[in-house]
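>>> This is the structure alone, sequence omitted:
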């Protein structure tokens, strides 16, 4: 039997990071939710009767096997209705509330907490626009305390999970012992355009629906007996690439009379070329090297994105195994993708006290967001 050596980061004794001020925030639970229906890439090609070999190749060579989606209603002849923008927004709201509620409930169940224990709720989405936003809607649906502080992070894209986790951790530090929850709610089915072009087909081959919620606390929890473990969020670092600001965008398509998402084919290489810059910034002043990082949780942005990040950071396929697996089983879940990978890491039981991990998301801007964590 072939023996598996531990990750080099496990073998290295990394120096401790000095922590100033209030105790750092910890992620103490996670919950996820997806729609009830999922489809293989080949099933989707058949459902939409796609015969263009170029488009079929995009779907079948995406490293994605299945995605959870809510497809348009069927006509009597079996073809699918082309949903108007208003119907897509209604889907975003209905699906988002359903998945968001289930993800938060799953998250709180993991720590034996009640919805009334939540002092701060942050909702993240990029697949539609609502006023009031998901934070108000989920507080009502879940029966949370009406005095719960809240914020909505809307339209930032796939990187937004870490953009939001940073202030959530800050709120937790400023309110030690109180429970904060962040939930990423992405109904990507509500952002699809079916016009037969290669532009929309690339998007339609990639994204899936899903929600992920994390519970964050600093210090000893009040109310529910909150667990003492969980990775500490030590530091965040960002890198925006203004020259590539139009490389990923979700804007109005006048020809289709709806919003449409655009991905520049050079996105993977732009992201990869800047990955080393932001990781160096994240580790600066910590005394850590990349080889000290035992766990890498990278956004499942697509096969080429993952490969580009791997090459530029010198990572192995083992380092990004959870990222690859989430892409295979769910597709790109936008802002919540990295949390699905985190959930798989926890289920694997491969983390040990004192180990370091890096969380990384990428999205419009073009932007790379990172966080350093320690178990």
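Received, thanks. Quick caveat: nothing in here was measured; it's all calculated off a predicted structure. Residues are numbered from 1 along each chain as shown.
>>> Start and end of stretch 38-54, how far apart?
For stretch 38-54, the first-to-last residue distance is 23 Å (Cα to Cα, to the nearest Å).
>>> meant to ask about stretch 245-257, not that
Looking at stretch 245-257, the gap from its leading to its trailing residue is 23 Å under the measure Cα to Cα.
>>> Can you mark which positions in it are buried?
For stretch 245-257, a neighbour-count test (16 or more other Cβ atoms under 10 Å) marks 247, 248, 250, 253 as buried. From N, CA and C alone the C-beta is placed, and that goes for glycine too.
>>> Outside of that stretch itself, list whatever touches it.
Counting by Cβ atoms under 8 Å, 6 or more residues apart in numbering, stretch 245-257 makes contact with 84-85, 126, 155, 157-158, 191, 193, 195, 258-264, 266-267, 270, 363-366, all of which sit outside it.
>>> give me that answer again for 7 Å
If you take Cβ atoms under 7 Å, 6 or more residues apart in numbering as the criterion, stretch 245-257 is touched by 85, 126, 157, 191, 193, 195, 259-264, 266-267, 270, 363-366.
>>> from the middle of its chain, how far away would that stretch be?
Distance of stretch 245-257 from its chain centroid, counting by Cα atoms, centre = their mean, to the nearest Å, is 22 Å.
>>> mean confidence for it?
When pLDDT is averaged over stretch 245-257, the result is 80.
>>> Is residue 234 within a helix or a strand, and which one?
Under the criterion DSSP states H and E, the helix or strand holding residue 234 is strand 232-240.
>>> Cross-reference the buried residues of stretch 245-257 with the strands and report the matches.
248, 250, 253 (DSSP state E).
>>> Could you tell me which of the contacts of stretch 245-257 are located in strands?
Here DSSP E is the test, and those give 259, 260, 261, 262, 263, 363 as lying in strands.
>>> wait, which of those residues is closest to residue 176?
Ranking these by separation from residue 176, with Cβ to Cβ as the measure, puts residue 363 on top at 31.0 Å.
>>> so the closest one touches residue 153, yeah?
No - applying Cβ atoms under 7 Å, one finds residue 363 not in contact with residue 153, separated by 11.8 Å.
>>> Touching both of these two, which residues are there?
Common neighbours of residue 363 and residue 153 (Cβ under 7 Å, 6+ apart) are residue 160.
>>> check contacts around the closest residue to residue 83 other than its chain neighbours.
Nearest residue to residue 83, sequence neighbours excluded (Cβ to Cβ, 6 or more residues apart in numbering): residue 72, at 5.1 Å. Residue 72 makes contact with 80, 81, 82, 83 under the criterion Cβ under 7 Å, 6+ apart.
>>> Most neighbours among these, which one is it?
The most crowded member of the contacts of residue 72, judged by other Cβ atoms under 10 Å, is residue 83 (20 neighbours).
>>> for it, helix, strand, or coil?
Remark: residue 83 carries the secondary structure label coil [criterion: DSSP: H, G, I helix; E, B strand; the rest coil].
>>> what's the spacing between it and residue 214?
In this structure, residue 83 and residue 214 are 31 Å apart, going by Cβ to Cβ, to the nearest Å.
>>> Kindly report the same for residue 265.
33 Å.
>>> Between these two, which is the more surrounded one?
The neighbour comparison of residue 265 against residue 214 (other Cβ under 10 Å) goes to residue 214, with 27 against 11.
>>> where's that one, which helix or strand?
strand 210-218.
>>> Distance from the chain centre to that strand, please.
Distance of strand 210-218 from its chain centroid, counting by Cα atoms, centre = their mean, is 11 Å.
>>> List the pairing partners of it within its sheet, with orientation.
According to DSSP bridges, strand 210-218 has the following sheet partners: strand 25-33 (antiparallel), strand 179-186 (antiparallel).
>>> Select, out of the ones you listed, the one closest to residue 121.
Taking Cβ to Cβ as the criterion, residue 121 comes closest to strand 179-186 out of the strands paired with strand 210-218, the separation being 5.4 Å.
>>> what's in contact with the following helix or strand past the closest one?
For strand 179-186, the following helix or strand on the C-terminal side (DSSP H and E) is helix 198-204. The contact list for helix 198-204, computed with Cβ under 7 Å, 6+ apart, reads 54, 55, 58, 192, 193, 194, 260, 261, 262, 263.
>>> same deal with stretch 124-133?
Contacts to stretch 124-133, defined as Cβ under 7 Å, 6+ apart, come from residues 89, 92-93, 96, 123, 134, 152-157, 160-161, 164, 182, 184-188, 190-191, 250, 334-335.
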